[in-house]
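Q: Any chance you could fold what I've pasted below:
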Amino acid sequence: MRLLLDTVSFIWAIGSPQRLSRAALAALEPPRVVIEISAISLSEIAIKQAQGKLNLQHESVFAAIQDLKLRVLPYTARHARQLFGLPLHHADPFDRQIIAQALAENIPVVTPDEKFSLYKGLNVIW
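A: As a prediction, the model looks like this:
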């Protein structure tokens, strides 16, 4: 089974794991789960860090990826193609790309963001 962490879930997993829901923690626990983080999330973290909106250095981010045994999911043209026709339930461009990626890959997303649940066919774990 594969799971995709959205950006805030990743940030909470490394800095405030108590903020993750019981369902999210349980889903992330089994040994046969491949947990992924989108390359889009890494871009979002870097941009928000540069803007002073987030205090996460790149060393910490990449150390956490290793510590949590995450696989980085590249963003491809197939994922971008999924954006065409995607309803505008969510205005955040980073989240829309993560949603498109999860839909294209047919994998659940771990997120507290209720807007993700508005997308037909997207499995949200929280």
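Q: which residues in the protein form helices?
A: Along the chain, counting by DSSP state H, helices occupy 7-15, 22-28, 39-50, 58-67, 77-81, 93-105.
Q: Nearest to residue 111 among those would be which one?
A: helix 7-15 (5.7 Å; Cβ to Cβ). From N, CA and C alone the C-beta is placed, and that goes for glycine too.
Q: quick one: contacts of the closest one?
A: Identification of contacts with helix 7-15 by Cβ atoms under 8 Å, 6 or more residues apart in numbering yields 5, 19-20, 24, 28, 37-38, 40-41, 44-45, 54, 56, 60-61, 64, 67-68, 70, 94-95, 98, 110-113.
Q: what about 7 Å?
A: 5, 19-20, 24, 37, 41, 44-45, 64, 68, 94, 110-112 (Cβ atoms under 7 Å, 6 or more residues apart in numbering).
Q: Check the gap between the nearest residue to residue 61 once chain neighbours are set aside and residue 51 for me.
A: Leaving aside its chain neighbours, residue 61 sits nearest to residue 45 (5.9 Å; criterion: Cβ to Cβ, 6 or more residues apart in numbering). As judged by Cβ to Cβ, to the nearest Å, residue 45 and residue 51 stand 11 Å apart.
Q: quick one, which of those two is more surrounded?
A: More crowded of residue 45 and residue 51, by other Cβ atoms under 10 Å: residue 45, with 22 against 8.
Q: separation between residue 47 and residue 93?
A: 11 Å.
Q: Check which helices and strands the one helix or strand in the chain whose mean pLDDT sits lowest is in contact with.
A: Lowest on mean pLDDT, DSSP states H and E among the helices and strands of the chain sits helix 22-28, with a mean of 91. Applying 3 or more Cβ pairs under 7 Å, 6 or more residues apart in numbering; DSSP states H and E, we find helix 22-28 packed against strand 109-110, strand 124-125.
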